[in-house]
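# here is a sequence together with a model predicted from it:
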Amino acid sequence: MPKYQKIMRKLISHPGSGIKMLRKLTDRHRKCCVECGVIGHLHVHHTDKRGIRTYQCQMCNKTFAETYGTIFYKSKIPISSWMLAIIFWVTATGSISAADLGRKLGVSHVTAWKMLMKIREKLSDGLGEEMLEGLVEADEAWFGRKNNQDIIMGIVERKNRKIRLVTIPNVKEETLYPHIQKNVKEGSRFFTDSRITYSITGIRYHHQTTNHSKGEFAKKGGVHSNTIEQIWGDIKGIIRTIHHGISQKYRKLYLAQYAFSYQFKHSTNLFYKTLCQLFSPTYCLI
């Protein structure tokens, strides 16, 4: 939290500074009209009392807010409150509950919950594009009970902390292998437990296993799946102690939030990284 105290003080004392901070993220980008797609023919039509600009296309006269295509579009929550919510999330241990966020922002539990769900949904975009390689581990875990249960397959690259969390219907070979092929570069060292359905991976990968049922959790040469096992423990701990359970309907979004925070945990500025992910207007061309 001390790292972001200066930003927090500025957002609280000058709420209008929030949109100015976001605007700096896209100032260098070329902008196109969301209606006709013409580049470079936008001018500022007006600015509302919150400081949010409305652009107008000089070719088709279409107008749209600068927050168009982001989670801040048409939101009644001030931009400064959104940014404070992000700071509270990135500085929290593991995660933050809607009740806790609501108290800190001075908003209702429902409002805080909706804000967090929008953030989680946006964070899920853009993850999973690069192939995992080098030392890669895989495992499955069961979340929930009875009618609220999901099977999640986890694949993690040790060195660069890249992670994939995929909901699967079962742990059969024909279910697991396509996800491995899609996400793991051929020739990588691939570590799992002794589940027989992983044996086919030896065709494309250097597959090595440990037999947990016999008390074997690691071998010489770094052969283990302890990284993904630790991840399961972290996620289930967060769900149990902070969120007190998650419904099956929204579990995917909570997992996406964890995957994002895990992958960028050691980023020099996780707040800035999160902002870049959340504020990427569809009219901006990189």
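The structure has been received and is ready for your questions.
# contacting residues for the closest residue to residue 234 other than its chain neighbours?
With C-beta to C-beta, 6 or more residues apart in numbering as the criterion, residue 234 has its nearest non-adjacent residue at 7.1 Å, and that residue is residue 94. (C-beta placed from N, C-alpha, C; glycine too.) Contacts of residue 94 were listed using C-beta atoms under 8 Å, 6 or more residues apart in numbering, and they are 234, 237-238, 242.
# looking at the residues you listed, which is nearest residue 100?
Nearest to residue 100 among these: residue 242, at 8.3 Å, using C-beta to C-beta.
# can I assume that closest one is in contact with residue 97?
Yes - contact criterion C-beta atoms under 8 Å: residue 242 and residue 97 qualify, at 5.3 Å.
# quick one: which of those two has more around it?
residue 97 (18 against 15; other C-beta atoms under 10 Å).
# returning to what we had before: out of the contacts of residue 94, which are buried?
In these, burial by neighbour count holds for residue 238, counting by 16 or more other C-beta atoms under 10 Å.
# can you list the contacts of residue 94 in CSV and add secondary structure and distance to residue 189?
Formatted as CSV, these follow (DSSP: H, G, I helix; E, B strand; the rest coil; distance: C-beta to C-beta, whole Å):
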residue, secondary structure, distance to residue 189
234, helix, 23
237, helix, 28
238, helix, 29
242, helix, 34
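# ok, which pair from the contacts of residue 94 is furthest apart?
234 and 242 (11.3 Å).
# where does the stretch 51-200 of the chain have low pLDDT?
126-128 (pLDDT under 70).
# ok, which stretches of it are strands?
Ranges of strands within the stretch 51-200 of the chain are 53-57, 63-65, 135-143, 150-157, 162-168, 189-193, based on DSSP state E, counting those that start in this stretch.
# quick one: which of those is nearest residue 273?
Once these are compared by C-beta to C-beta, strand 162-168 is nearest, at 14.6 Å.
# which other residues reach that closest one?
Contacts for strand 162-168 (C-beta under 8 Å, 6+ apart): 127-128, 130, 132, 140, 150-157, 175-176, 179, 183, 231, 251-252, 255-256, 258-259, 262-263.
# so what are the sheet partners of it and their directions?
Paired strands of strand 162-168, with direction, are strand 150-157 (antiparallel) (DSSP bridges).
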